[in-house]
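Chemist: here are the coordinates; sequence isn't available:
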């Protein structure tokens, strides 16, 4: 089960996804997640991140670095 995010966290995650992924990659991820449940609602950012963590580990690491920068 995917954790539910607050609107603020979801917005921050959208910014991270936009920063790390190219427009083509964002479209690809959204389409592939959508194929898993074609009749369901539009995939949320946390569902996209879940899919990215499983299938795009380098991108997931860059997203994590963006969300949780080290000092």
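Modeler: Everything's here; your move. A quick note: this is a predicted structure, and the numbers were derived from the prediction, not measured.
Chemist: Buried residues of the host helix or strand of residue 15, list them for me.
Modeler: Under the criterion DSSP states H and E, the helix or strand holding residue 15 is helix 7-20. Neighbour-count burial for helix 7-20 flags 13, 16, 17, 20 (criterion: 16 or more other Cβ atoms under 10 Å). Bear in mind the C-beta positions are built from the backbone N, C-alpha and C, glycine included.
Chemist: what's the answer for stretch 48-67, then?
Modeler: Within stretch 48-67, the residues that count as buried by 16+ other Cβ under 10 Å are 48, 49, 50, 51, 52, 56, 59, 60, 62, 63.
Chemist: residue contacts, the residue sitting nearest the centre point of the chain?
Modeler: With distances taken as Cα atoms, centre = their mean, residue 49 lies nearest the centre of the chain, 2.9 Å away. By Cβ atoms under 8 Å, 6 or more residues apart in numbering, the contact set of residue 49 is 13, 17, 60, 63.
Chemist: biggest separation within the residues you listed, which pair?
Modeler: Greatest spacing in the contacts of residue 49, by Cβ to Cβ: 13 and 60 (11.9 Å).
Chemist: out of the buried residues of stretch 48-67, who's nearest residue 8?
Modeler: Closest to residue 8 out of the buried residues of stretch 48-67 is residue 49 (15.3 Å), distances taken as Cβ to Cβ.
Chemist: The closest one and residue 63, how far apart?
Modeler: To residue 63, residue 49 is 7 Å away according to Cβ to Cβ, to the nearest Å.
Chemist: Kindly report the same for residue 26.
Modeler: From residue 26 over to residue 63 (counting by Cβ to Cβ), the distance is 12 Å.
Chemist: if I look at these two, which residues touch both of them?
Modeler: Residues touching both residue 26 and residue 63 by Cβ under 8 Å, 6+ apart: residue 17.
Chemist: about what we covered before: redo the contacts of residue 49 as CSV? Include pLDDT and distance to residue 34.
Modeler: What follows is the contacts of residue 49, written out as CSV (pLDDT from 0 to 100; distance: Cβ to Cβ, whole Å):
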residue, pLDDT, distance to residue 34
13, 94, 17
17, 96, 15
60, 97, 19
63, 96, 19
